[in-house]
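sequence first, then the predicted structure, then my questions.
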Amino acid sequence: MFVELANRGVQDRLSLVDLRGCFADQGVMAAYKEAAALLSPYIEASAVVGITGFQRSLLELVNKAADLGCRPFDSLEEAKDWLVSDSRL
């Protein structure tokens, strides 16, 4: 779906990723990094829910490597509020 949006040139999309209960190994992180690099020109803002501790540190590394600017949140409601707020601009 995201690749279709990218191919159509659709821009200024918001991204919300809910990773609660998920586990990411090196393969998953590599795929996420590749997808993020492809989609980053089309994503205006991105929020992630459900990562703590080491996973949050990994997100920071991926953010720096792929220049994502993806912001982690503790709750789904916090992430949604931030995505639609003017304060993120």
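Received it, and whenever you're ready, just let me know what you need. Numbering: from 1, shown residues only.

which stretch of helix or strand covers residue 47?
Taking DSSP states H and E as the definition, one finds residue 47 inside strand 43-49.

what average pLDDT does that strand get?
Averaged across strand 43-49, pLDDT comes to 85.

residues in contact with that strand?
Residues from elsewhere that reach strand 43-49, judged by C-beta atoms under 8 Å, 6 or more residues apart in numbering: 11-20, 59, 68-76, 78-80, 82-83, 88. In short, each C-beta sits where N, CA and C put it, glycine included.

identify each buried residue in stretch 51-61, please.
51, 55, 59 (16 or more other C-beta atoms under 10 Å).

next one: phi and psi at the last one?
Put plainly, it is residue 59. The phi and psi values for residue 59, taken as degrees, to the nearest 10, are phi -60, psi -40.

for this protein, give me the ranges with low pLDDT.
Counting by pLDDT under 70, the chain contains low-confidence ranges at 1-12, 24, 66-68, 86-89.

strands paired with the strand holding residue 47, and their directions?
Its sheet considered, strand 43-49 pairs with strand 13-18 (parallel), strand 71-73 (parallel) by DSSP bridges.
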